[in-house]
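J.: Here you go, sequence then predicted model.
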Amino acid sequence: MMRFATAVLAVFTLCACGGNNPGSGSGTLFVSARFSTDGSPSASAARVTIREAGPFGALVKDATVNVSGSKAPKTNIPYVEMNNEYRVDQFPWDEIIRLEVTRGQDRVEGSVTSPGTSQITNPTNDGTVRQANGLTISWRDSNMQPANTVRVRMYRSMIDTTLADDKFEFNVAFDKLVVADDENVNLERSNEVALAGGTAGSAMSVTTYHSVRFRIEP
């Protein structure tokens, strides 16, 4: 009876608090959950890996995995054998993403507040940048909120940087830029929470992303 009451209380706490919530669980499963979107209705993706006891344990293929939001309905995430993970695309996105994993007595729950839709404002798509001037990459969040971490990549210039602070801009010195007609900036902004109900290392992250293609001239 005490175990049942504790479980009910944990579920109530998860539902009531929302946002970044490490949740609860049985402490028997390793769960790595990644959710992402570029803001368009068809672009949401969920990828969940579940293992027994830890990150190197046997794959768990028979769990029930669901994602939902503060307003979005619950969506089941099926296991896909060829990918060795639970996967679903085009599920209803929300400002709060909730995860529920159950397998018999095993369970893990948690939630993360999603960054707002990310949009790169400089450079512009199909625009031109002069190498000699350097480049300030800037972006905005549809909810005007910073993300926990930001990853900025430029393919031709071979830049791959993770920023601990989301200041909505990143400066690239002129000598790091490569003259090209098809340079790309890829921006990923993420919030993450460690899942208290999973084994060590269990986590779920929510990412919004955007990319632009542009030219760099001398």
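T.: It's in. Numbering: from 1, shown residues only.
J.: On the C-terminal side of the one helix or strand in the chain whose mean pLDDT sits lowest, identify the next helix or strand.
T.: Within the chain, no helix or strand scores below helix 2-17, which has a mean of 36 by mean pLDDT, DSSP states H and E. As assigned by DSSP states H and E, the chain's next helix or strand after helix 2-17 is strand 29-37.
J.: Can you list the helices and strands that that following strand packs against?
T.: The contact analysis (3 or more CB pairs under 8 Å, 6 or more residues apart in numbering; DSSP states H and E) places strand 29-37 against strand 45-52, strand 96-103, strand 106-113, strand 203-217. Any C-beta I mention is one placed from the backbone N, CA and C, and that applies to glycine too.
J.: Please identify the most buried of these.
T.: strand 106-113 (a mean of 25; mean count of other CB atoms under 10 Å).
J.: Can you point out the buried residues in the helix or strand following it?
T.: From strand 106-113 onward toward the C-terminus, using DSSP H and E, the following helix or strand is strand 118-122. Buried positions in strand 118-122, judged by neighbour count with 16 or more other CB atoms under 10 Å: Ser118, Gln119, Ile120.
J.: Strand 118-122 pairs with which strands?
T.: strand 135-141 (antiparallel) (DSSP bridges).
J.: average model confidence for the strand it pairs with?
T.: Mean pLDDT, strand 135-141: 98.
J.: angle of that strand against strand 203-217?
T.: Strand 135-141 and strand 203-217 are oriented at 140 degrees to each other (axes from the mean of the first three to the mean of the last three CA atoms, to 10 degrees).
J.: domain ranges for this protein?
T.: For the chain, the structural domains run 2-114, 118-191+208-217, going by automatic domain parsing.
J.: need the least confident one among those, by mean pLDDT.
T.: domain 2-114 - the lowest mean pLDDT of these, at a mean of 87.
J.: would you put the C-alpha positions of stretch 92-104 in CSV?
T.: What follows is stretch 92-104, C-alpha atoms only, in CSV (Å, rounded to 0.1, in the frame of the first residue of the first chain):
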residue,chain,number,x,y,z
PRO,A,92,1.9,17.1,-31.2
TRP,A,93,4.6,19.5,-29.9
ASP,A,94,4.1,21.6,-26.8
GLU,A,95,6.0,24.0,-24.5
ILE,A,96,6.3,21.2,-21.9
ILE,A,97,7.3,17.7,-23.1
ARG,A,98,6.5,14.8,-20.7
LEU,A,99,7.9,11.3,-20.9
GLU,A,100,6.4,8.2,-19.4
VAL,A,101,8.1,4.8,-19.5
THR,A,102,6.6,1.6,-18.0
ARG,A,103,7.5,-2.1,-18.2
GLY,A,104,5.9,-4.2,-15.5
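J.: What is the neighbour count of the residue nearest to Ala200 when sequence neighbours are not counted?
T.: Among residues not flanking Ala200 along the chain, Gly54 sits closest, at 6.9 Å (CB to CB, 6 or more residues apart in numbering). By other CB atoms under 10 Å, 13 other residues sit near Gly54.
J.: list the contacts for Ser36?
T.: By CB atoms under 8 Å, 6 or more residues apart in numbering, the residues touching Ser36 are Ser44, Ala45, Glu188, Val206, Thr207, Thr208, Tyr209.
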